[in-house]
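Enquirer: Please work out how this folds:
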Amino acid sequence: MPRSVNAVASRKRRKKILKQTKGNFLARKNVYTVAKNTLEKGLTYAYRDRKKKKIEFRALWIQRINAAVREYGMTYSEFMGKINKKGIEINRKVLADLAMNNPEAFKAIVDSVK
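Expert: Down below sits the predicted model:
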């Protein structure tokens, strides 16, 4: 009895991976074994960096708040301690945005905390 191979499914699986690696350099886009490794590594990086992105943005917001608050003679940690003590429920993303785009509103928050 001849060996039965499902070539249709195999080709589909390979073409799917080669389609995802479109735009890569040299063999990474058209040699299946190389493309498979490239795709796996790329997807791993993508997963990792979706988590890392949140950490990096939080750090950016903290730097922006710190820079804005120092103009009023406070440090970031003092400011956040006082803002929490006052019970003002506003997150770092909004505070950083106010500090950059609406300094008057940010100054009002700082004055209410002092």
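Enquirer: Which pLDDT value belongs to residue 9?
Expert: Model confidence at residue 9, given as pLDDT, is 95.
Enquirer: name the element it belongs to?
Expert: Per DSSP states H and E, residue 9 falls inside helix 7-20.
Enquirer: Which strands or helices does the very next helix or strand once past that helix pack on?
Expert: The helix or strand immediately downstream of helix 7-20 is helix 27-30, counting by DSSP H and E. Packing partners of helix 27-30 (3 or more Cβ pairs under 8 Å, 6 or more residues apart in numbering; DSSP states H and E): helix 32-70. The way it works is simple: take the backbone N, C-alpha and C, and place the C-beta from them, glycine included.
Enquirer: residues of the helix it packs on that come out buried?
Expert: Across helix 32-70, burial judged by 16 or more other Cβ atoms under 10 Å covers 35, 36, 38, 39, 61, 62, 64, 65, 66, 68, 69.
Enquirer: following that helix, which helix or strand comes up?
Expert: Sequence-wise, the next helix or strand downstream of helix 32-70 (DSSP H and E) is helix 76-86.
Enquirer: what's the angle from that following helix to helix 32-70?
Expert: Relative orientation of helix 76-86 and helix 32-70, computed by axes from the mean of the first three to the mean of the last three Cα atoms, to 10 degrees: 80 degrees.
Enquirer: roughly how far apart are residue 13 and residue 32?
Expert: The spacing between residue 13 and residue 32, counted by Cβ to Cβ, to the nearest Å, is 10 Å.
Enquirer: Actually, residue 103.
Expert: For residue 103, the distance to residue 32 - Cβ to Cβ - is 56 Å.
Enquirer: what do you get for residue 44?
Expert: The spacing between residue 44 and residue 32, counted by Cβ to Cβ, is 19 Å.
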